[in-house]
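S.K.: task: produce atomic coordinates for the following.
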Amino acid sequence: NLDSNKTKSQFVPIFNKPFHMSFPNIFSHEGEIFMIPETAQLRKVNLYKCKKFPDKWIKVKTLLENVYATDTIIFYWDKIFWMFTEIRPENSYDSDLIYLFWSKSLTGKWIEHPMNPIINNPNNSRAAGQIFLDDNKIIRPAQSSLDGYGSSIKFMRILELSKKHFLEEIFSNLNPQDLS
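M.R.: A predicted model of the protein is given here:
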């Protein structure tokens, strides 16, 4: 970590929980900062709100229960909240199944998409970061695990995102060898 003076700062613990937490999806909405850390071990998707950045967070709500969900991403678009998450079958370490849910409110009822699972492909399934807009194109970064866990990143262009349909295509690739 570097502070504003570009000097190394100390890590600040955010949570001290007796269970695994990772992949913190941090996003803002209406001037507030939220986070969904992976808490698959609890079989829940929990939403936290920031009270004081970076280390004061309060749990707002459990958005999904009884699911082993990993790498959850929330994306607000067209006045709807969209949740992309990998849901693994019971007692499975790996999965390439991405499920989509939607809600009119961040803390409202989450409705499962009728096309679920929307993705079942190790080449472009797990999230690799926040979904973003690029020149009005919706881009979903995804890990490719064809050559091993997270071996490259695929940038998927979402062509259709609605309560009834989902369609995406490969927009571009980022391979480790491209960076050397």
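S.K.: drop to CA atoms for contacts and neighbour counts, all remaining ones
M.R.: Noted.
S.K.: what sits against M21?
M.R.: M21 makes contact with 37-39 under the criterion CA atoms under 8 Å, 6 or more residues apart in numbering.
S.K.: could you dump those to TSV with secondary structure?
M.R.: Below are the contacts of M21 laid out as TSV (DSSP: H, G, I helix; E, B strand; the rest coil):
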residue	secondary structure
P37	strand
E38	strand
T39	coil
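S.K.: okay, W77 and N123: tell me how far apart.
M.R.: Counting by CA to CA, to the nearest Å, the gap from W77 to N123 is 25 Å.
S.K.: I meant to write F81 there.
M.R.: Distance, F81 to N123, by CA to CA: 25 Å.
S.K.: looking at the contacts of M21, state which has the most neighbours.
M.R.: Neighbour counts for the contacts of M21 (other CA atoms under 10 Å) peak at E38, which has 24 neighbours.
S.K.: I26 is in contact with that residue, correct?
M.R.: No - E38 is beyond contact range of I26, at 11.4 Å (criterion: CA atoms under 8 Å).
S.K.: show me where pLDDT drops low in the chain?
M.R.: By pLDDT under 70, the low-scoring segments of the chain are 1-4, 6, 8-9, 91-94, 147-150, 180.
S.K.: mind listing what the residue positioned nearest the centre of it touches?
M.R.: Using CA atoms, centre = their mean, the residue of the chain that lies closest to the mean C-alpha position is I73, 2.3 Å off. Listed by CA under 8 Å, 6+ apart, the contact set of I73 reads 25, 36, 83-85, 127, 129-131.
S.K.: try I119
M.R.: Shown in contact with I119 (CA under 8 Å, 6+ apart): 96-99, 125.
S.K.: next one: E38
M.R.: By CA under 8 Å, 6+ apart, the contact set of E38 is 20-24, 45, 69-72.
S.K.: now the two most distant members of these.
M.R.: By the measure CA to CA, H20 and T72 form the most distant pair in the contacts of E38, at 14.6 Å.
S.K.: which of these two has more neighbours?
M.R.: With neighbours defined as other CA under 10 Å, H20 and T72 compare such that T72 has more, 27 against 12.
S.K.: quick check: closest non-adjacent residue to the more buried one.
M.R.: Leaving aside its sequence neighbours, T72 sits nearest to T85 (CA to CA, 6 or more residues apart in numbering; 4.3 Å).
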